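[1] requesting a structural model of the entry that follows:
(2 chains)
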Amino acid sequence: KAGVTQTPRYLIKTRGQQVTLSCSPISGHRSVSWYQQTPGQGLQFLFEYFSETQRNKGNFPGRFSGRQFSNSRSEMNVSTLELGDSALYLCASSLRAAETQYFGPGTRLLVL
Amino acid sequence: GIQVEQSPPDLILQEGANSTLRCNFSDSVNNLQWFHQNPWGQLINLFYIPSGTKQNGRLSATTVATERYSLLYISSSQTTDSGVYFCAVPTQGGSEKLVFGKGMKLTVNP
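    Below you'll find the predicted structure:
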């Protein structure tokens, strides 16, 4: 069974631009979560979707948004990029709530 | 919110040595996960261990939920074990929202 895939793997943007990252979960998994990892703040939860509904949201500004499609694929969008948004963005999927989460390889975003 | 602390923050070993990583959490949890982050950034799930002990090859983990800690044992370490190890717990029962510790960087020298 294929693992969690994320695209693109690397991205360079400039301040003020917006970006969309994509995550395809393991086949059959309906829960998708997003995390941001930075050297200063570590791994921080962004949001979680299950069956196209956002169930949990972390403490991030409204510039960070996401959605999930009927095939469980998820996208996250960051508008008006800031330098501090440079990070590794990780997506995870699980079969059901509170079960093992499987992470994708991540998208490295650099904002210049 | 729940706090997760990992110790030690850094560890350097010679190949073949054993190590124990500790994870303390501030509130009761109904599950705990250990991850290994490889040099390319991917988080690999090692154990889903709400309580008790599990073993997978040279790795084993024990969670004592009543005392709010978990231990990850690495025996006969190899250079490929290098990386950062994280433990993570949900913010509340049944939640996918994980709180991660700051990680423990392991370096295994040949």
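
[2] my understanding was that residue A:25 contacts residue A:73; is that so?
    Yes: with contact defined as C-beta atoms under 8 Å, residue A:25 counts as touching residue A:73 (7.2 Å). In this view, the C-beta of every residue, glycine as well, is placed from N, C-alpha and C.

[3] those two: who's more crowded?
    Neighbour comparison, residue A:25 and residue A:73: the larger count goes to residue A:25, with 27 against 14 (by other C-beta atoms under 10 Å in any protein chain shown).

[4] quick check: bridge partners of the residue nearest to that one when sequence neighbours are not counted?
    The shortest distance from residue A:25 to any non-neighbouring residue, by C-beta to C-beta, 6 or more residues apart in numbering or on different chains, is to residue A:93 (3.2 Å). With DSSP bridges applied, residue A:93 shows beta-bridge pairing to residue A:32, residue A:102.

[5] residues in contact with stretch A:48-67?
    With C-beta atoms under 8 Å, 6 or more residues apart in numbering or on different chains as the test, stretch A:48-67 has contacts from A:30-34, A:36, A:44-47, A:68-70, A:74-80, A:97, B:95-97.

[6] helix, strand or coil: sort out the closest residue to residue B:61 other than its chain neighbours for me.
    Distances taken as C-beta to C-beta, 6+ apart place residue B:47 nearest to residue B:61, at 4.3 Å, with adjacent residues excluded. Following DSSP: H, G, I helix; E, B strand; the rest coil, residue B:47 is assigned to strand.

[7] that older thread, how close does the residue nearest to residue A:25 sit to residue A:109?
    20 Å (C-beta to C-beta, to the nearest Å).
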